[in-house]
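# based on what follows, work out the 3D shape:
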Amino acid sequence: MESKVGRPRSERAREAVLHAVDDLLVEVGYAAVTMKGIAERAGVSRQTVYRWWSTKAEILFEASAADAEEELAVPPTGDTLGDLTTYLQALINFLANTHAGAAYRALIGEAQHDPEVAQLLAGKDILGDSARTVLARATPDHDLDDASARLIGPVFFAIMSGRGPSRLDPQELARRFLA
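Predicted coordinates for the structure are as follows:
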């Protein structure tokens, strides 16, 4: 039987850290978020934070990925247009209105000049994974990587370029995608 090194990870401490990083990001911005600040906000020691994560980007990514998996899960209804519309609405909401979406957007920006953050994002495609899940049901005969890029692209561009969600009509985007 293997023995584990160190104390077991406390799920309560982990959740506190993940919530703290989202809150701090929204309050002070990516550049001002520190591991010390995250630990203080979460009510845990810095040692606890560093035991599980090496960087604030890793914490933000874990928090964002977990929330994205939940928020972007669209149960199948059998209505392709409806499912794609529901997914696009969830994507718009995630990217534009949630703390996790703000974290993801911050990481995308940081990845443009930090190779470690870029590598972190390249390791798990949280938006693409969610889109491929919906698309596998809606358009199973298509290249899911290409289809997910085409589905996500207009929303991603609009949000990341500051145009905001008000100009986006999820049903019209879904119709255009299917055409």
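
# pretty sure Ala136 contacts His142?
No - assessed by CB atoms under 8 Å, Ala136 is found out of contact with His142, at 9.3 Å. All C-beta spots, glycine's among them, are computed from the backbone N, C-alpha and C.

# quick check: Glu172 vs Leu88, distance?
When distance is defined by CB to CB, to the nearest Å, Glu172 is 9 Å away from Leu88.

# which one of the two is surrounded by more residues?
Here Glu172 and Leu88 are set side by side on neighbour count (other CB atoms under 10 Å), and the busier one is Leu88, at 25 against 12.

# once you drop chain neighbours, what's closest to the more buried one?
Spatial nearest neighbour of Leu88, chain neighbours left out: Pro170 (3.8 Å); criterion: CB to CB, 6 or more residues apart in numbering.

# now do Leu144
Arg132 (4.5 Å).

# go on, Phe94?
Of all residues apart from its sequence neighbours, Gly101 sits closest to Phe94 (CB to CB, 6+ apart), at 4.5 Å.

# repeat that for His99.
Using CB to CB, 6+ apart and skipping residues adjacent in sequence, the residue nearest His99 is Asp22, 3.7 Å away.

# now do the SS call for that neighbour.
When the structure is reduced to helix, strand and coil (DSSP: H, G, I helix; E, B strand; the rest coil), Asp22 reads as helix.

# list the contacts of it.
Applying CB atoms under 8 Å, 6 or more residues apart in numbering to Asp22 gives the contacts Leu60, Ala63, Asp67, His99, Ala100, Ala102, Ala103.

# so for the strand or helix carrying the fifth one, what gets flagged as buried?
I take that to be Ala100. For Ala100, the host element (DSSP states H and E) is helix 99-111. By neighbour count with 16 or more other CB atoms under 10 Å, helix 99-111 contains the buried residues His99, Ala100, Gly101, Ala102, Ala103, Tyr104, Arg105, Ala106, Leu107, Ile108, Glu110, Ala111.

# which residues are contacting stretch 70-89?
90-91, 93-94, 98, 100, 126-127, 130-131, 133-134, 137-139, 151, 155, 168, 170-171, 173-175, 177-178.

# got the end-to-end distance for it?
With CA to CA, to the nearest Å as the measure, stretch 70-89 spans 14 Å from end to end.

# pLDDT of it, averaged?
Rounded to a whole number, the mean pLDDT of stretch 70-89 is 95.
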